[in-house]
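1. generate a structure from the sequence data that follows.
(2 chains)
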Amino acid sequence: MNAPNSKPKNARYGMAIDIDRCTGCGACMIACAVENNVPPAAPTANVRTGITPLRVVRYEHAGRTAFVPMLCQQCEDETPCVAVCPQNAVELDPATGIVGQIPQRCLGCRYCMAACPYHARYFNWADPEWPAGMERTLNPSVAPRMRGVVEKCNFCHGRWHEAKQLAAANGETGPVTYTPACVEACPSRAIVFGDLNDPASPVSQLAKQQDAFRLLESIGTGPKVYYRSHRDWVRAASGNEQEAHRG
Amino acid sequence: MAHLRRDFLLFAGGAGAGLAFSPLPWRLIGDSALWSQNWSWIPKLPHGEISYKPTACELCPAGCAVRARLVGAQPVSLWAAQQGDRTEPLCAAGLCGHHLAFHPARLRAAQHGAARCNADEAFNAASQAVAGARGALAVLDLRPGRTASVLYRKHLATLGGQYVTVAPTLGPTLQAVADAAASPAVPAFDLDNAGILLSIGTPVAEAWGAPGRMLNPARKFRLWHAEALESGTALAADRWFRIRPNSEAAFVAGLVAALDNDAATLRRAAELTGIGADDLAAAARELRQAQAVAVADSHPLLGPPAQETLRAVVCLNARLGAIGRKGGIVSRRETPLPKDWAPLAPETALAAVPDASLRFLFIDDAAPGAPAPWKMIAAKLAPGATVVAASWSASGFARQATYALPAVSYLEGLHDVPVPPDAAAARFALSLPLVEPAAGAVEPVEWFGRLAGDETKLADRLKQRADAIQAARCGMLRSTAGEDTAAASLKSSGDFWKALGEGSRWFDDAASLPLAVKATPQPPFPLEAASAAPVALIAAAWMGADVSPMMTKLWVESDLKPRARQVFMNPATARNFALDSGGRARIMSSRGECVVDVALDDATPPGVARLAAGQAWFTLCEAKDGAWQAAARKVVKA
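-> Next up, the predicted model:
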């Protein structure tokens, strides 16, 4: 517990994803959709118009396969989506480091989608629809998004909120520990989540490993999602010059 | 002061320009965005007290422990249940099992052919058919190993019928060991003490044991896997043997030959599999030293493996010293049964049922994920046979059956889960009813029991079985908190039943029963010769595609999993047949032909067509040596 008058420290939530452990089972994608009230595919949906805030991408190279879970990289430097949004519908929360999307403010201009170098944002082309009765299974902690707005991964902000409320009820301030749905679901334990500001946290230590890298690191967006792989060809595909040379 | 028209225009223009710099237009845009985003048809979130209930997943034999999150009485999410200090996460299908009740494909009323009918009409017709079909009636159980499965066998013993399964309850490899055992035994894999699990094309990390256990990087055994494609299991394996397509039997025979110092067979196996003879020999040596055990169960959606492969795997396990050894294949006790349930009809493989011999067939298809090709079932039916399918879905068997009955499915009724294929000892756990079943839905085994004159409810039968387990006074109950209690220490069977209802699981003691094979199958095993087919056809299956519309995330809104009627080919292979990505191909086999969408895939080896399992593959395949196999005779652009 923090001292009564001390200012609580900020968190920098981040992820470390071990690509070598990912088998492409898709449990994280389903867990994400269930947790965040993302509807099943609309009749007209396809790979480009679907909504998959976390999408496992199959990457093939010389007859070998790697599965790369792609989600909002939670950029913290020059965050492109924040910079271009005319409505302030995208915000970088200094208390958590989470890049939040506020659908009620979103105009649907999709500047942020164009600006995102990771293609990690999705547009709701249609109103969310669930098969009859299935809306009763929605997560009460997350509001469904409506037609005409952009959405993306927010590190399960609903879960963070619940953890924060619980901590507050216990008189605790400062960063809280919680687990996003994809982390809880991953049967290979390939995804590790935590506070990058905490040097003792597993995610913080994994991010410093020799095999850790970030996607398109050279463009200076400072993602807080770290990937890990021992395979040179996987690292070489990260879009980083140094990784390509290492590979 | 006179006001000119110009002044008025200037004022209006200035006001308009000024307005653009005021907050008003932005406020208007923001508000109109809000108004246009809160329509009445946007679903309202459920409200109510949030609670958690433990249960067990019954979508596959792994029977994972589940923690359901409920709002009021409605489950809103399913997560892996904590079991003491460990959690075994669920698979993608298990995470959305609570959607099954609302699946648009659910069968919601009894049908006679394509028309709706009264459930009594179906029962009367079935009664008449059963009365005239003694000795020629059967139950096809697509999810064997449950208490309901035992009850089917009990009722069939009364009615004089056969209990039929597509793949054996024990699993193909263990059944092959049981068949070769010197005395009646229930073999089981002792993976907790194994050094290496050698998987011969078995999807151990995808559709075999609990994925949370198989994919756990902290698992105690090493996983070696032999398969032509880089599947999820191949990716999770510590060592992957990339063998040539359809050379599983040759791979096993090669390992046996290496252990037997049979150089000629080893060389031939190396040629067929593409794995060097030295590598095979080194692998065989390491397997023998490392307390290895081999399994050759195929994907549940693709039928059992060939008998010859299974004989070779039994031989390999014997050569490795795995049979009867700790960390190999041990013998376990059966989950206790009430004594008065005997006699039970024996289990018969679908392939062993004589053609055109059944005049009445009841199919238990109460949950998705266990199809069998209809043509192989239809071959067993006599002309004019009556087929009743208790089905979860309006498609599939419900379309072919004479009568289709809506079945109580996962989370809708009190059920138990089978002993998983990776369990070394018997287990018993309950899957609790958390959702109201649809009006008119039947519990398949209760419905069939009425035909045999047994009106007992399944829940009562489960209680009887729990009593029998408690009376055996063996094993222990593990609570959701991870606390173990010896079953013998419980005061009454009521306490035992109550604990099961609260999510506790019963685990039998690891029994060291003798297990030996009376006659180990001996080489030579047939090494499949290189096929003359223009392209090797391999079916790609994944579990749970039908469980929830949410699974569309994996194949409609991404390309993570193959779509129905889709074939993956290496670009070089596709060029040979003048096929392009997005085009269509007509694949012909000796049993049929199908038109499929072509997708180019660098990870598919040249000369291989990876076809999504399902109707297209069923059209092409045929039963051969107990397995479902398909060989492409011709591939052309469609």
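
2. residue in chain B nearest to chain A?
-> Evaluated by C-beta to the nearest C-beta, chain B has B:Glu557 as its residue closest to chain A, separated by 2.5 Å. C-beta coordinates here come from the backbone N, C-alpha and C atoms, glycine included.

3. mind giving me the domain ranges of chain B?
-> Split into domains by automatic domain parsing, chain B comes to B:2-36, B:50-102, B:111-168+B:339-452+B:498-504, B:191-327, B:535-637.

4. mind listing what the nearest residue to the residue of chain B closest to chain A once chain neighbours are set aside touches?
-> By the measure of C-beta to C-beta, 6 or more residues apart in numbering or on different chains, the closest residue to B:Glu557 outside its immediate chain neighbours is A:Gly50, 2.5 Å from it. With contact set as C-beta atoms under 8 Å, 6 or more residues apart in numbering or on different chains, A:Gly50 has these partners: A:Ala41, A:Tyr122, B:Lys553, B:Val556, B:Glu557, B:Ser558.

5. next, format the domains of chain B as JSON lines and append mean neighbour count and distance to A:Asp18.
-> Compiled in JSON lines, the domains of chain B are given as follows (neighbours: other C-beta atoms under 10 Å in any protein chain shown; distance: least, C-beta to C-beta, whole Å):
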{"stretch": "domain B:2-36", "mean neighbour count": "10", "distance to A:Asp18": "40"}
{"stretch": "domain B:50-102", "mean neighbour count": "22", "distance to A:Asp18": "15"}
{"stretch": "domain B:111-168+B:339-452+B:498-504", "mean neighbour count": "20", "distance to A:Asp18": "24"}
{"stretch": "domain B:191-327", "mean neighbour count": "22", "distance to A:Asp18": "9"}
{"stretch": "domain B:535-637", "mean neighbour count": "20", "distance to A:Asp18": "18"}
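
6. turn those domains into JSON lines, including distance to A:Gly133 and mean pLDDT.
-> Formatted as JSON lines, the domains of chain B follow (distance: least, C-beta to C-beta, whole Å; pLDDT from 0 to 100):
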{"stretch": "domain B:2-36", "distance to A:Gly133": "27", "mean pLDDT": "84"}
{"stretch": "domain B:50-102", "distance to A:Gly133": "4", "mean pLDDT": "92"}
{"stretch": "domain B:111-168+B:339-452+B:498-504", "distance to A:Gly133": "10", "mean pLDDT": "94"}
{"stretch": "domain B:191-327", "distance to A:Gly133": "27", "mean pLDDT": "94"}
{"stretch": "domain B:535-637", "distance to A:Gly133": "11", "mean pLDDT": "90"}
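
7. tell me if I'm right that B:Lys220 and B:Asp190 touch.
-> No. With contact defined as C-beta atoms under 8 Å, B:Lys220 does not count as touching B:Asp190 (10.8 Å).

8. return the set of residues that bridge with B:Ser391.
-> Applying DSSP bridges to B:Ser391 yields these beta-bridge partners: B:Asp365, B:Pro406.

9. quick check: it touching B:Val408?
-> No. Counting by C-beta under 8 Å, B:Ser391 sits too far from B:Val408 to count as a contact (11.2 Å).

10. tell me, what's touching the two both at once?
-> Common contacts of B:Ser391 and B:Val408 (C-beta under 8 Å, 6+ apart): B:Ala366.
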